[in-house]
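Asks: mind folding the following:
(one chain, ligands or ions: 1)
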Amino acid sequence: MSSDEKTDKDAFHFSELPNGWTVGRFAALEAMDGVVHAVTTRQSLVIPATSRGMGSAAEQVAGALGLSGVAYCHQIHGKAVIRAKHNGSCGQGDGLVTASSLLGVMAFSADCPLILAADGVSGAVGVAHASWKGTAKRIASELILQMAGAFGTNPADVTACICPSVGPCCYEVGADVLHAVTEGVGIRAEQFFEKRGGKLHFDLWAANIEELLHAGLAPENIHAAGICTVCRNDLFPSHRVEGEKAQRFVAVIART
Ligand SMILES: [Zn+2]
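Replies: Take a look at the predicted model:
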């Protein structure tokens, strides 16, 4: 499945919160009872990539969405998914899960896909930071496994959404990425690399959609925003465009 087949324009839209923030939202998550989520933009909240930035973002996001608190972790491009038991920092990792009411789980990005997940039956929610390294380590599957282990989630009940990130249009990579991803995911991942103009391009959206299917999600429950952060650097920070000075946007999800 290519990302084109899974990125429908109605999947993701922008709306204004009561505090005036413009955030991105997925129709599929909005349609679920008891789930709140948001993807921040330059018209709401972007932050420096530091732990202090995350602490302040967590407080602001909690206030904007009416949550009691927001948990986050120190992202290291790995595959560890942590069960959040309190707000604030939960240590090193690249994903969080919770079933606690009004405790948000949040991750940050400037180009990497963030995945939001919600189990319509158990009420568990989760977030994962699926950088190319995390994608090679199959973090999308790890997210679903941790929801299953902690909360008895059946993957068939999960809706998962892939936030704006660098798209296949702009994600030029080296052969090292191809080797690492096919080594970690298997030869099936080769289909997500395409050579154009002599340059290798990686489709992170399609790779993570496939990983979620592999984890047992139903195709109709997987959605991608289909917005490239390089093409739409006006809306979202991009490490590829701005380099080390790039700020970060965040994605958060909670159950009510
Ligand atoms: Zn692009």
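Asks: longest helix anywhere in the chain?
Replies: Determined from DSSP state H, the single longest helix within the chain is helix 51-65.
Asks: could I get the CA-only coordinates of it as CSV?
Replies: Taking Å, rounded to 0.1, in the frame of the first residue of the first chain, the C-alpha atoms of helix 51-65 are listed here in CSV:
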residue,chain,number,x,y,z
SER,A,51,13.6,19.1,28.3
ARG,A,52,12.7,22.5,29.7
GLY,A,53,10.8,23.1,26.5
MET,A,54,8.9,19.9,27.0
GLY,A,55,8.0,20.6,30.6
SER,A,56,6.6,24.0,29.7
ALA,A,57,4.8,22.5,26.6
ALA,A,58,3.2,19.8,28.8
GLU,A,59,1.7,22.5,31.1
GLN,A,60,0.4,24.6,28.3
VAL,A,61,-1.1,21.7,26.4
ALA,A,62,-2.8,20.4,29.5
GLY,A,63,-4.3,23.8,30.0
ALA,A,64,-5.4,24.2,26.4
LEU,A,65,-7.1,20.8,26.3
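Asks: what residues of the next helix or strand after it count as buried?
Replies: Downstream of helix 51-65, the first helix or strand assigned by DSSP states H and E is strand 69-74. By neighbour count with 16 or more other Cβ atoms under 10 Å, strand 69-74 contains the buried residues 69-73. Placement of C-beta: from N, CA and C, glycine included.
Asks: select, from these, the two members most distant in space.
Replies: Largest separation among these by Cβ to Cβ: 69 and 73, giving 14.1 Å.
Asks: output the contacting helices and strands for the longest helix of the chain.
Replies: strand 35-40, strand 69-74, strand 88-92, strand 103-109, strand 249-255 (3 or more Cβ pairs under 8 Å, 6 or more residues apart in numbering; DSSP states H and E).
Asks: residues contacting the residue of the stretch 1-150 of the chain found nearest the ion?
Replies: Closest approach between the stretch 1-150 of the chain and the ion, counting by Cβ to the ion: residue 111, at 10.1 Å. Applying Cβ atoms under 8 Å, 6 or more residues apart in numbering to residue 111 gives the contacts 165-166, 229-230, 238-240, 246.
Asks: from residue 197, how far out is residue 162?
Replies: 26 Å (Cβ to Cβ, to the nearest Å).
Asks: nope, residue 72 is what I was after
Replies: Distance of residue 72 to residue 197, given as Cβ to Cβ: 38 Å.
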